[in-house]
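> Only the shape, not the letters, is given here:
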DNA sequence: TCATTAAATGCACTTCCATTGCATTTCATT
DNA sequence: AATGAAATGCAATGGAAGTGCATTTAATGA
């Protein structure tokens, strides 16, 4: 079991206090968060720093961006089974229309999507919208 | 076969010159367009009018919004097979990473997506990204 | 330890798109 | 023609993404 510091270093990400905090914040969240969410959690930090931090995480492959259709970009740490660095990655996310939260369903695989002749599929973004378990009361 | 006027009226949309033009513009396009695309096509018209027109089309169920992950909302007329008014609609769109165009693949159906216990699926948004037939040279 | 250098951070802006309020015009109906 | 409702146009706002530059912080070697 490695520490967060070791994880960051192994991914060629310089360890700073800010980055550790942001990593822990993302790790603790079970849901994908917006930049504003992070901003609210760290009022002392500057937007730009947070923005560039998640961008760095993204580039280095420890977080990925989620477009859940709300128009606001969300971010989540990559977990086991998350293969967002692979070109033919299959993202699967669930967006709750009630609580507005977006959850990664990494264990749920997406069937191969067929595209017409001449089309080359490089990436698939799949967002299921509806009511999450908390809001449905089950 | 009905005229555009009849179609609009049947959907409870008041017929105006502007709306006819915008409808024709959307109908002629094979791809989903942004507000700016429409704006460029009708430089005389105001952004707001175009914006509200597509919103009206959307509400009345003759057009639908597409979120292809570029961060910019696109719009397309509903075609046969487009069931975006149905709750359990399955959108399928293809976004070309080269020409940046987004195409509706209405004839391609999406398999039912399973969600975990307690989750209720109301809607699915699926965007396949890659290279379109024109850009792949086939 | 100190100096050097590169990266990270903070601040100020800019840009782009989505959206709204309000005044005016157009349209449908009587 | 008069009335009321809807459509349009103009102006402005707000939110989020992104960038340039100065400053601070951290890693490195002398």
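Noted; the coordinates are in hand. Values in this document were obtained by computation on a predicted structure and should not be read as measured data.

> Which strands border the lowest-mean-pLDDT helix or strand in chain A, and is each parallel or antiparallel?
Of all helical and strand segments in chain A, the minimum by mean pLDDT, DSSP states H and E falls on strand A:90-96, at a mean of 86. Strand A:90-96 has these partner strands in its sheet, going by DSSP bridges: strand A:102-104 (antiparallel), strand A:120-131 (parallel).

> Residues of chain A that sit close to DNA strand D?
Residues of chain A lying close to DNA strand D (CB under 7 Å from any atom of the strand) are A:14-17, A:34-36, A:47-48, A:51-52, A:72-73. Any C-beta I mention is one placed from the backbone N, CA and C, and that applies to glycine too.

> all strands of chain A, in order?
Assignment of strands within chain A using DSSP state E yields the ranges A:31-34, A:63-66, A:74-77, A:90-96, A:102-104, A:120-131.

> Serialize these to CSV and add fields for mean neighbour count.
Formatted as CSV, the strands of chain A follow (neighbours: other CB atoms under 10 Å in any protein chain shown):
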stretch, mean neighbour count
strand A:31-34, 20
strand A:63-66, 22
strand A:74-77, 22
strand A:90-96, 22
strand A:102-104, 23
strand A:120-131, 20
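
> Compare the mean pLDDT across these and name the weakest.
Looking over the strands of chain A, mean pLDDT reaches its minimum on strand A:90-96, with a mean of 86.

> what does that strand rub up against?
Contacting residues not belonging to strand A:90-96 are listed as A:32, A:64, A:66, A:68-70, A:83-84, A:101-106, A:108-110, A:124-132, A:134-135, B:113, B:115, B:119 [CB atoms under 8 Å, 6 or more residues apart in numbering or on different chains].

> do the same with stretch A:30-46
Under the contact criterion CB under 8 Å, 6+ apart, stretch A:30-46 has outside partners A:18, A:21-22, A:25-26, A:47, A:50-51, A:54, A:66, A:68, A:72-76, A:93, A:101-104.

> tell me the contacts of the residue most central in space within chain A?
The centroid of chain A falls nearest to residue A:76 when counting by CA atoms, centre = their mean (2.3 Å). Contacts for residue A:76 (CB under 8 Å, 6+ apart) come out as A:26, A:29, A:31, A:32, A:33, A:63, A:64, A:66, A:102, A:104.
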